[in-house]
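>>> Attaching a predicted model along with its sequence, questions to come.
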Amino acid sequence: MTAAENVCYTLINVPMDSEPPSEISLKNDLEKGDVKSKTEALKKVIIMILNGEKLPGLLMTIIRFVLPLQDHTIKKLLLVFWEIVPKTTPDGRLLHEMILVCDAYRKDLQHPNEFIRGSTLRFLCKLKEAELLEPLMPAIRACLEHRHSYVRRNAVLAIYTIYRNFEHLIPDAPELIHDFLVNEKDASCKRNAFMMLIHADQDRALDYLSTCIDQVQTFGDILQLVIVELIYKVCHANPSERARFIRCIYNLLQSSSPAVKYEAAGTLVTLSSAPTAIKAAAQCYIDLIIKESDNNVKLIVLDRLIELKEHPAHERVLQDLVMDILRVLSTPDLEVRKKTLQLALDLVSSRNVEELVIVLKKEVIKTNNVSEHEDTDKYRQLLVRTLHSCSVRFPDMAANVIPVLMEFLSDNNEAAAADVLEFVREAIQRFDNLRMLIVEKMLEVFHAIKSVKYCIFLLGKIKWQSENSNPGISISEIPIVESEIKKEAGELKPEEEITVGPVQKLVTEMGTYATQSALSSSRPTKKEEDRPPLRGFLLDGDFFVAASLATTLTKIALRYVALVQEKKKQNSFVAEAMLLMATILHLGKSSLPKKPITDDDVDRISLCLKVLSECSPLMNDIFNKECRQSLSHMLSAKLEEEKLSQKKESEKRNVTVQPDDPISFMQLTAKNEMNCKEDQFQLSLLAAMGNTQRKEAADPLASKLNKVTQLTGFSDPVYAEAYVHVNQYDIVLDVLVVNQTSDTLQNCTLELATLGDLKLVEKPSPLTLAPHDFANIKANVKVASTENGIIFGNIVYDVSGAASDRNCVVLSDIHIDIMDYIQPATCTDAEFRQMWAEFEWENKVTVNTNMIDLNDYLQHILKSTNMKCLTPEKALSGYCGFMAANLYARSIFGEDALANVSIEKPIHQGPDAAVTGHIRIRAKSQGMALSLGDKINLSQKKTSI
């Protein structure tokens, strides 16, 4: 066995720039030097032994001249030295010199200083030689009665490891520790003793727990955690014990330690599915979220609540706790609030929706009083969307929600206002009884609305019932061009300017067009005069508003013509609408706006003018009926899609049992069959260690052999191959190094370097490899962001006895796959568009594949990139020769990746023509965009028809 394969509990950084000292100089320092010189010499000896040097001549020197010293630093270094030094002869017998060492440690176990006693006991836990431990057993037993807790708790650990490795040395250890536990008062000592009993003699541990089960609440948190673990393991192995210990778990939910409460709640859920148990555990989780200040803890515990909700039987219990869950909204962190609102929305029912809406309305009002902050705006959007979802699912709530949300139409945050308008659009279409309430509220805040184009569009969608209920949309003095020129020339005073907004009555008794302003006249400031919002948009060059206004005026005019029979009134109204459109066109062609009108907007306004001038029945139907039907179809499809996704989620959660499936009664299950149930403690430990053996065993393609990378050739003097194990933020390289020569290779060092956002944690230690020997070297690499990384390097070594320079073998590159960090995610269309506009890095990939079906190609891209398609299935269904879809994914580091797939099938090339097109990738970082593009390019080349 090589030095690298020996078990070592101590890692020491080795300075590589210094020359290794000679054995003679070290011996001289250890014999004749002062304490400081001996300390430095001992450190050098330890480093040399770790590097594979034997140094047998120094063993007796250290025993004679260093071991008797009482200096604490030297004593600690000696513990490291005795841990790593070879203690046996080549044939496996104990060295005679070790008897002297054993005697020295027997004295240290009786030393008056508790630190020396405790350190020695910790060292004895690492010894694997029974002959060395046997003479020390009486002294170790005596340490259990030492006055200091540090010595006693390390004595318990020493007895436990000796009992586990060499039971014959201390066969009565469980009984000894049980008696010690009964009389012990220190929490840490009791914890170690109880932990030993759990693993060494579980029955004794249960007996002890039974005697003090009523006092468990008074124990320290470290002991309580161990008790929770014991109860879980006992009940997991023997379900009949549940009734005996479940009351203890209930009591531990009231512990003062958050860690104990968290573990107790998790254990309670696994032991019992009774509603009272689930309610108690959920209440404990909620209290933890509210009281803990760390946002990471809040998110972890929220995930536990979400897991509880996934179980159909637990969902109803959690529905009664929705109001308690909403208390978490007091946390300022946006991610916590987002998860909380989503959880509350999933749990909402007809029983609690009214209370939920009241709380959310209060939260909405609170956001108005908070100083403007980026997270405040986003939180407001979340509240608006949650209220929107509540109103859609429970229409009775819409009347309460709408007045509160309409206040947001004038919000400075356009995204929140757009969300409200989206909700209002759906409400106008679905709730006929609320239509006029919505209109009144909209007209009240119309003057302050930033997203005027959406609002104008909605006013055009409303089916007005009478001639006196139409809105008035004015852009102040018309014609706009002449009034603006006069104003600049000073002929029109700002005070005389008429500012007109929504009106109550459009047509007078005389049939003329009149407006009544709902705005208070405001004097312009010296810097810039105030304009009506519509006029301001037009002068800024936003003529998309003008196109929306023209469409809305056309719809209102056509409806007015249908409602009013008098020709004079009809003509007057239509003429006013046409005048507004004509003056907007005139303004667009002039030099007054900051940006000229686009051709699309000119075409749209001209079309509206033509429709109003002809008033044909066909165009009337298109504008007033078919447009509304299109909106209705779109909203219906959206609602149907939401219901379908909810149905799929509920189907996932429902456990389907076939008629002929066997029923398993836990009480009748044999003990050896209980192993099929997963041990949660074991699973969490495996997850923390990044151990994925369970998955790899289930999937042959994910076996370790497929992750082995050959680093050197078979003819190289040193053969190397690496197994790359990715565990979220860490990459572990397990490198096998084989000496293929007949020479001893000294200072064989694996030198690694990284390219990309990777960082080597520690430099692997040098090895000495015997002829045809092999060793495993492990190297840890930290990952900081999502991009394709490369690990490269070489192996350097010296040949024993050769005078030549160091030899070097260059290794092949190891490529780290970006797919290990990317996970599918979802976002709204508005968020996608916003991120698409903000992200600066774009990578355009040309489609180069031999696949002939558009949908198959899209599915292949989704599978190879781990991205999620945001475009609804209905939009992708059917066949028209081309396809456009939006994809989204998020890395474990919180980085977003967007992609837009635009592909087509060139029909003129025949039915077997390959898919063509482009994929545009956008990301915040250059590495992410390039890496995803490389992945798509590679996967395209591997595709087959």
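Perfect, thanks for sending it. Numbering: from 1, shown residues only.
>>> element containing I438?
helix 435-444 (DSSP states H and E).
>>> could you pull out the helices for the stretch 801-945 of the chain?
With DSSP state H, counting those that start in this stretch as the criterion, the stretch 801-945 of the chain has helices at 829-838, 854-865, 873-876, 926-941.
>>> starting at the chain centroid, how far to the longest one?
Here helix 926-941 shows a centroid-to-chain-centroid distance of 23 Å under the convention Cα atoms, centre = their mean, to the nearest Å.
>>> so who does L58 touch?
Each residue near L58 by Cβ atoms under 8 Å, 6 or more residues apart in numbering is listed here: 23, 26-27, 30, 45. No exception for glycine: its C-beta is placed from N, CA and C like everyone else's.
>>> So which of the residues you listed wins on neighbours?
Using other Cβ atoms under 10 Å as the neighbour criterion, V45 leads those with 27 neighbours.
>>> Wait, it touches L26, no?
Yes: in this structure, V45 is within contact of L26 by Cβ atoms under 8 Å, at 6.0 Å.
>>> How about the contacts made by the closest residue to R351 other than its chain neighbours?
Excluding its sequence neighbours, the residue lying closest to R351 (Cβ to Cβ, 6 or more residues apart in numbering) is Q319, at 6.8 Å. Q319 is in contact with 347-349, 351-352, counting by Cβ under 8 Å, 6+ apart.
>>> Buried ones only from the residues you listed, please, as a PyMOL command.
Remark: buried members of the contacts of Q319, expressed as a PyMOL selection using 16 or more other Cβ atoms under 10 Å:
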select buried, resi 347+348+352
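>>> Greatest separation within the contacts of Q319: which pair is it?
Between any two of the contacts of Q319, the greatest separation by Cβ to Cβ is 10.4 Å, found for L347 and R351.
>>> Give me the phi and psi angles of V783.
Main-chain dihedrals, V783, degrees, to the nearest 10: phi -110, psi 130.
>>> The residue nearest to it when sequence neighbours are not counted: how many residues sit nearby?
In space, V783 comes closest to Y729 once its chain neighbours are excluded; the distance is 5.5 Å by Cβ to Cβ, 6+ apart. Applying other Cβ under 10 Å, we find 13 residues neighbouring Y729.
>>> residues touching Y729, list them.
Y729 sits in contact with 782-783, 892, where contact means Cβ under 8 Å, 6+ apart.
>>> if I pick I286, what's in contact with it?
Each residue near I286 by Cβ under 8 Å, 6+ apart is listed here: 305, 321, 324-325, 327-328.
>>> Any idea how far stretch 779-798 is from the middle of the chain?
25 Å.
>>> Report the separation between the two terminal residues of that stretch.
By Cα to Cα, to the nearest Å, the extent of stretch 779-798 from end to end equals 21 Å.
>>> ok, and for that stretch, which residues are buried?
Here stretch 779-798 shows 779, 781, 783, 785-789, 791-798 as buried, counting by 16+ other Cβ under 10 Å.
>>> What's the mean pLDDT across that stretch?
The predicted model gives stretch 779-798 an average pLDDT of 82.
>>> Sketch out the low-pLDDT regions of the stretch 751-900 of the chain for me.
For the stretch 751-900 of the chain, applying pLDDT under 70 flags the ranges 786, 802-804.
>>> So the chain: which segments form each domain?
Domain assignment of the chain by the TED database yields the ranges 1-66, 104-210, 213-272, 273-330, 360-460, 532-626, 706-816, 822-939.
>>> Would you mind telling me which of the ones you listed is nearest E642?
Nearest of the domains of the chain to E642, taken as Cβ to Cβ: domain 360-460 at 7.9 Å.
>>> list the helices and strands the helix or strand hosting T754 packs on?
Using DSSP H and E, T754 falls within strand 745-755. In this structure, strand 745-755 packs against strand 718-727, strand 730-739, strand 758-760, strand 767-769, strand 774-783, strand 789-799, with contacts taken as 3 or more Cβ pairs under 8 Å, 6 or more residues apart in numbering; DSSP states H and E.
>>> pLDDT averaged over the first one, what's the number?
In other words, strand 718-727. When pLDDT is averaged along strand 718-727, the result is 86.
>>> try stretch 187-196
Per-residue scores along stretch 187-196 average to 87.
>>> again, but for stretch 143-156
Mean predicted lDDT for stretch 143-156 stands at 90.
>>> Residues in contact with it: which ones?
109, 114-115, 117-118, 121-122, 140, 158-159, 176-177, 180, 184, 186, 188-189, 191-193, 196.
>>> Just the buried ones from those?
The neighbour count (16+ other Cβ under 10 Å) marks 109, 114, 117-118, 121, 140, 158-159, 176-177, 180, 184, 188-189, 191-193, 196 as buried among these.
>>> what's the next secondary structure element after the lowest-mean-pLDDT helix or strand in the chain?
None of the helices or strands of the chain scores lower by mean pLDDT, DSSP states H and E than helix 693-698, at a mean of 42. Next helix or strand after helix 693-698 toward the C-terminus (DSSP H and E): strand 708-710.
>>> which residues touch that next one?
So strand 708-710 is contacted by 721-724, 812, 814 (Cβ under 8 Å, 6+ apart).
>>> out of those, which is most surrounded?
Busiest of the contacts of strand 708-710 [other Cβ under 10 Å] is A722, holding 25 neighbours.
>>> how about that residue, what does it touch?
By Cβ under 8 Å, 6+ apart, the residues touching A722 are 708-709, 711, 733-736, 814.
>>> returning to that earlier point: pull out the buried positions in the helix holding I438.
Residues of helix 435-444 classed as buried: 435, 437-439, 441-444 (neighbour count, 16+ other Cβ under 10 Å).
>>> could you measure the closest residue to P872 other than its chain neighbours against K647, distance?
Once flanking residues are discounted, P872 sits nearest to E641: 5.5 Å by Cβ to Cβ, 6+ apart. Using Cβ to Cβ, to the nearest Å, we find E641 at a distance of 11 Å from K647.
>>> Of these two, which one has the most company?
Between E641 and K647, counted using other Cβ under 10 Å, E641 has the larger neighbour count: 14 against 10.
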